[in-house]
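**Q** take a look and give me a structure for this.
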Amino acid sequence: MIAIGSDHGGYRIKEAVKAYLQSRNIPVKDFGTHDEQSVNYAPIAGKVAQSVSSGESEKGIICCGTGIGVSMAANKVRGIRAAVCDNAFCVEMTRRHNNANVLCMGGRVIDEQQAQEFTGIFLDTPFDGDRHIQRIQEIQDIEDQTYELRKQEESKMDGQVFLMDHPLIQHKLTLLRDKNTGSKEFRELVGEIAMLMCYEATRDLTLKEVEIETPVAIAKTKVISGRKLAFIPILRAGIGMVDGVMELVPAAKVGHIGLYRNPETLQPVEYYSKLPTDIKERDVIVLDPMLATGGSAIDAITTIKKHAPKSVKFMCIIAAPEGMNALTQAHPDVQIYCAAMDDHLNEHGYIIPGLGDAGDRIFGTK
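**A** This is a model prediction of the structure:
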């Protein structure tokens with residue numbers, strides 16, 4: 001069976017490929033899309049690649065506008081060797097020399113006839129083997145090393161990073177991301193999400209048994225066992241989370257750390273620090289809606305640790321993998337509570353897809 005798929009830009013040639021395969025009585029699994037309405041290519045490319053990687057399909061063919069985007073997505077799947085081809089020679093060579101198992105083509109680069117021609121070459125050309133076996137193994141070795149490093153990182157973060165998938169948090173997060181959400185509603189959502197997250201972040205507070213009198217009887221029940229909390233928002237966006245957490249723990253103290261990001265170096269610069277005088281007696285939760293590069297969180301926690309609090313946790317709403325990796329490496333003893341792990345940082349240091357600049361959206365400054 002051959003797995004196929006496309007976005008709207010590759011739909012036309014994908015349909016031509018499908019017709020060609022059917023004319024040869026080759027079983028096809030079509031992962032869409034099924035019309036020319038705009039659709040994102042990565043999820044479709046991922047499904048085709050997974051079908052090939054799992055052995056469900058022998059090979060895969062994916063199309064988008066250029067073939068480049070779907071190849072990038074497909075090659076993220078372990079065991080996939082996806083090649084972008086726009087001429088017959090490249091199709092033949094990627095089979096003979098690279099043993100490619102996924103062919104990627106561009107609907108804005110080639111026509112339907114070429115797509116069918118390239119499909120035939122892709123399916124009918126064998127892998128030469130011989131000296132190319134070692135080269136394919138070297139590709140596999142790189143993939144295996146990357147996979148093992150990723151598993152090590154995941155193992156290291158297991159027990160340190162807590163991703164909160166509660167339906168209420170995820171629903172409110174969707175509203176928070178929406179560019180049409182105004183500042184008032186945005187502020188309210190940040191507070192509500194922070195309150196829900198704080199519920200989980202304080203789950204390990206110790207309790208002691210006390211005796212009280214209810215209107216009808218004496219009861220033995222529990223209260224928090226003398227542990228004191230401090231919330232430290234990183235200015236300025238972290239302020240938006242304070243009201244929400246204070247709703248749950250009104251007796252907590254609030255400190256502040258002011259950091260701004262140098263627009264050229266993207267590194268944090270501290271300009272203000274005011275912490276509770278009794279911080280050594282308190283468990284600290286640092287607040288910042290966004291964990292991007294991780295620089296601000298790392299510096300803030302480093303500053304707080306100099307004052308020897310009993311413990312430190314970090315709470316954010318959205319994180320980028322780059323920032324999460326940096327923070328876990330810099331402070332492996334700090335538990336991190338996060339509502340969503342996004343895809344990556346762009347060249348300007350913004351989380352993608354993210355929600356924009358949290359500070360600007362909270363305070364309406366842009």
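**Q** which pLDDT value goes with Tyr350?
**A** At Tyr350, the model reports a pLDDT of 88.
**Q** relative to Arg24, how far out is it?
**A** For Tyr350, the distance to Arg24 equals 47 Å [Cβ to Cβ, to the nearest Å]. Just so you know, the C-beta spots here come from the backbone N, C-alpha and C atoms, and that holds for glycine as well.
**Q** check Ile298 too.
**A** The gap separating Ile298 from Arg24 is 57 Å, by Cβ to Cβ.
**Q** these two: which has the busier surroundings?
**A** The residue with more neighbours, out of Ile298 and Arg24, is Ile298; 20 against 11, by other Cβ atoms under 10 Å.
**Q** doesn't the more buried one lie inside a strand?
**A** No - per DSSP: H, G, I helix; E, B strand; the rest coil, Ile298 lies outside any strand segment and is helix.
**Q** check contacts around it.
**A** Ala326, Leu327, Ala330, His331 (Cβ atoms under 8 Å, 6 or more residues apart in numbering).
**Q** now swap in Met341 and tell me
**A** The contact partners of Met341, taken as Cβ under 8 Å, 6+ apart, are Leu163, Ala319, Ala320, Pro321, Met324.
**Q** SS state for the last one?
**A** For Met324, the secondary-structure state derived from three-state DSSP is helix.
**Q** now for it, how many residues are close by?
**A** Neighbours of Met324 (other Cβ under 10 Å): 23.
**Q** ok, it to Gln137 distance?
**A** 32 Å.
**Q** I'd say Ile80 and Ala74 touch.
**A** Yes - contact criterion Cβ atoms under 8 Å: Ile80 and Ala74 qualify, at 5.2 Å.
**Q** who touches both of the two?
**A** Residues touching both Ile80 and Ala74 (Cβ under 8 Å, 6+ apart): Ala49, Gly60, Val102.
**Q** in this protein, where is pLDDT below threshold?
**A** By pLDDT under 70, the low-scoring segments of the chain are 147-158, 261, 266.
**Q** tell me where it has helices.
**A** Listed in chain order, the helices of the chain (DSSP state H) span residues 11-23, 41-53, 68-74, 88-96, 112-124, 131-157, 167-177, 183-201, 242-248, 295-305, 321-330, 358-363.
**Q** including distance to Ile218, could those go into TSV?
**A** TSV is the format used below for those (distance: least, Cβ to Cβ, whole Å):
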stretch	distance to Ile218
helix 11-23	73
helix 41-53	59
helix 68-74	64
helix 88-96	80
helix 112-124	80
helix 131-157	46
helix 167-177	36
helix 183-201	29
helix 242-248	28
helix 295-305	42
helix 321-330	48
helix 358-363	47
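**Q** for Glu211, find the nearest of these.
**A** Glu211 sits nearest to helix 242-248 of all these, at 24.9 Å, using Cβ to Cβ.
**Q** buried residues in that closest one?
**A** Using 16 or more other Cβ atoms under 10 Å as the test for burial, helix 242-248 gives Val242, Gly244, Val245, Met246, Leu248.
**Q** how about stretch 63-82?
**A** 63-67, 69-75, 77, 80-82.
**Q** ditto for stretch 278-288
**A** Applying 16+ other Cβ under 10 Å to stretch 278-288 flags Ile279, Arg282, Asp283, Val284, Ile285, Val286, Leu287, Asp288 as buried.
**Q** start and end of it, how far apart?
**A** Start-to-end span of stretch 278-288 (Cα to Cα, to the nearest Å) is 22 Å.
**Q** and that stretch, how far from the chain's centre?
**A** Relative to the centre of its chain, stretch 278-288 is centred 27 Å away, using Cα atoms, centre = their mean, to the nearest Å.
**Q** ok, and the most crowded of the contacts of Met341?
**A** Of the contacts of Met341, with other Cβ under 10 Å as the count, Ala319 tops at 27 neighbours.
**Q** what's across from that residue in the sheet?
**A** In this structure, Ala319 bridges to Leu291, Met341 when assessed by DSSP bridges.
**Q** surely it touches Leu291?
**A** Yes - counting by Cβ under 8 Å, Leu291 is a contact partner of Ala319 at 3.9 Å.
**Q** list residues touching both of the two?
**A** Overlap of the contact sets of Ala319 and Leu291 (by Cβ under 8 Å, 6+ apart) consists of Ile336, Cys338.
**Q** so what's the residue count around Asn180?
**A** 6.
**Q** please apply the same query to Arg227.
**A** Neighbour count for Arg227, taken as other Cβ under 10 Å: 15.
**Q** give the contact list for it.
**A** Arg227 is in contact with Leu205, Thr206, Asp283, Lys310, counting by Cβ under 8 Å, 6+ apart.
**Q** what ranges do the strands span in the stretch 201-350 of the chain?
**A** Under the criterion DSSP state E, counting those that start in this stretch, strands of the stretch 201-350 of the chain are mapped to 207-213, 218-224, 228-235, 253-254, 256-261, 268-274, 282-287, 290-291, 311-319, 335-341, 344-345.
**Q** who does the fifth one pair up with?
**A** Partner strands and pairing direction for strand 256-261 (DSSP bridges) are strand 228-235 (parallel), strand 268-274 (antiparallel).
**Q** tell me the most buried of those?
**A** The highest mean neighbour count among those, using mean count of other Cβ atoms under 10 Å, belongs to strand 228-235: a mean of 23.
**Q** so what's the gap between it and the chain middle?
**A** Distance of strand 228-235 from the chain centroid (Cα atoms, centre = their mean) equals 26 Å.
**Q** got the contact list for it?
**A** So strand 228-235 is contacted by 202, 238-242, 245-246, 249, 251-259, 272, 275-276, 278-279, 281-288, 296-297, 300, 304, 309 (Cβ under 8 Å, 6+ apart).
**Q** if we can go back for a sec, which one of the strands of the stretch 201-350 of the chain lies nearest to Asp360?
**A** With Cβ to Cβ, the closest approach to Asp360 among the strands of the stretch 201-350 of the chain belongs to strand 290-291: 11.4 Å.
**Q** brilliant, that's me finished.
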